[in-house]
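Engineer: Model the structure of this input:
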Amino acid sequence: MKAKFASFFLLVCAAFAAFAAPAPGRVVLGGKAVTLVADAVYLFPSAKDRVVAVGGTDQGLGVFLTLVDPGFAAKPSLDRAAGAEVYAALSPDLIILKSSLKKSLGPSLDAAGLKQLYLDLETPEDYLRELKLLGDVLGESARGEALVAYYRAALERITSRVATVPASERPRVLVVQASAGGYEVPPATWMQSILTERAGGLPVWKDANPGSGWAKVGPEQIAAWNPDAIFVISYRESSEKAASVFLSDPLLASLRAAKGGRVFAFPQDFFSWDQPDARWILGLSWMAKKLYPQRFGDLSIPAEAERFFAFAYGIDRARYTEAVRPRLVGAIGD
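Structural biologist: Predicted coordinates:
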């Protein structure tokens with residue numbers, strides 16, 4: 001934790017030193033996990049005019065940012081493995097990347113004299129820090145503070161209501177990704193695990209995957225956990241279909257969660273709401289309501305989703321009704 005704070009402190013110092021000049025006019029977003037970076041940057045209205053190139057942002061369910069930026073489809077799409085020469089050819093004032101790329105790509109970008117900003121965007125706390133930082137860097141400090149206030153208030157609404165639930169009464173939860181005909185669980189430090197705990201659940205898989213990526217689990221292990229609630233994720237196909245396939249396995253259909261009607265398809269629009277994308281706050285709110293419907297009877301997930309897209313991306317009701325709501329998949333509820 002101390003190392004991460006020190007790293008962030010140095011990042012902030014470097015950012016303020018680099019951007020004492022006017023806000024960058026030409027911004028390039030690239031590298032691995034660029035979708036998460038792009039969705040965060042586009043929370044700022046000036047991104048439409050500043051961003052000149054982006055790596056691929058389609059996880060398999062469509063390109064969301066075409067709804068936010070009318071000129072998005074015409075912007076160059078970078079290969080996620082692009083080297084410094086590709087970035088240099090775009091004459092960027094700033095390149096924004098995930099922090100995981102700093103060691104591999106940073107030295108060559110430094111050698112080319114290109115300014116970079118690295119973002120973690122892995123936890124709720126990362127979002128609270130880095131949205132403020134992005135606002136300062138892009139010359140939209142007031143917008144950054146408004147975004148932080150929105151996320152902080154929504155996060156507090158959830159965590160404050162579940163805080164009084166004793167550990168002995170918290171539901172045992174399993175989050176699985178349907179992948180290649182099987183199932184995988186996330187690492188203990190990833191957003192899926194964090195959301196489960198913040199929503200008041202006990203992640204049954206937490207000690208089973210201390211690694212840095214998704215870990216395969218078989219039906220027998222899932223049956224041994226026998227959780228109270230199961231959330232099924234899919235990134236490239238309908239999560240409802242994935243949840244239906246899960247329940248078609250006789251062994252899995254006999255689990256406590258299945259018999260109690262608590263196997264839920266994780267919501268999707270263009271992206272699944274479980275990951276460290278800007279939508280994580282919707283995923284947290286939805287999970288909390290599924291686990292504690294009586295504590296969150298006043299929380300309407302459809303209404304919260306419409307509010308989110310309006311505030312976060314400026315998508316008005318007519319556009320939301322036409323282009324986003326028809327894509328909502330999963331056990332959204334009321």
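
Engineer: Test my guess that Gln59 contacts Glu237.
Structural biologist: No. Between Gln59 and Glu237 there is no contact under C-beta atoms under 8 Å: 10.8 Å. For the C-beta atoms, the positions are set from N, CA and C on the backbone; glycine is no exception.

Engineer: Which one of the two is surrounded by more residues?
Structural biologist: Taking other C-beta atoms under 10 Å, Gln59 and Glu237 do not tie; Gln59 has more neighbours (17 against 14).

Engineer: residues in contact with that one?
Structural biologist: Residues in contact with Gln59 (C-beta atoms under 8 Å, 6 or more residues apart in numbering) are 35, 235-236, 270-272.

Engineer: what helix or strand is it on?
Structural biologist: Using DSSP states H and E, Gln59 sits within no helix or strand.

Engineer: For the nearest residue to Glu130 once chain neighbours are set aside, what are phi and psi?
Structural biologist: In space, and not counting its chain neighbours, Glu130 is closest to Leu119: 5.1 Å by C-beta to C-beta, 6 or more residues apart in numbering. Main-chain torsions, Leu119, degrees, to the nearest 10: phi -120, psi 140.

Engineer: could you point out the longest helix in the protein?
Structural biologist: Ranked by residue count, the top helix of the chain under DSSP state H comes out as helix 141-162.

Engineer: Tell me the helix or strand right after it.
Structural biologist: Remark: after helix 141-162, the chain's next helix or strand is strand 172-179, criterion DSSP H and E.

Engineer: rewinding a little: could the contacts of Gln59 go into a markdown table alongside distance to Ala88?
Structural biologist: Below are these laid out as a markdown table (distance: C-beta to C-beta, whole Å):
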| residue | distance to Ala88 |
| --- | --- |
| Thr35 | 23 |
| Tyr235 | 32 |
| Arg236 | 33 |
| Phe270 | 31 |
| Phe271 | 30 |
| Ser272 | 34 |
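
Engineer: Dump those residues to a markdown table, plus secondary structure and distance to Ala310.
Structural biologist: Output for the contacts of Gln59, formatted as a markdown table (DSSP: H, G, I helix; E, B strand; the rest coil; distance: C-beta to C-beta, whole Å):
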| residue | secondary structure | distance to Ala310 |
| --- | --- | --- |
| Thr35 | helix | 21 |
| Tyr235 | coil | 25 |
| Arg236 | coil | 27 |
| Phe270 | coil | 16 |
| Phe271 | coil | 17 |
| Ser272 | strand | 21 |
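
Engineer: Of those, which one scores lowest on pLDDT?
Structural biologist: Checked by pLDDT, the contacts of Gln59 have Arg236 as the lowest-scoring entry (84).

Engineer: neighbour-wise, which of the contacts of Gln59 leads?
Structural biologist: Ser272 (25 neighbours).

Engineer: for the longest helix of the chain, packing partners?
Structural biologist: helix 124-137, helix 191-198, helix 280-291, helix 301-313 (3 or more C-beta pairs under 8 Å, 6 or more residues apart in numbering; DSSP states H and E).

Engineer: Would you mind getting the angle between that helix and helix 301-313?
Structural biologist: 160 degrees (axes from the mean of the first three to the mean of the last three C-alpha atoms, to 10 degrees).
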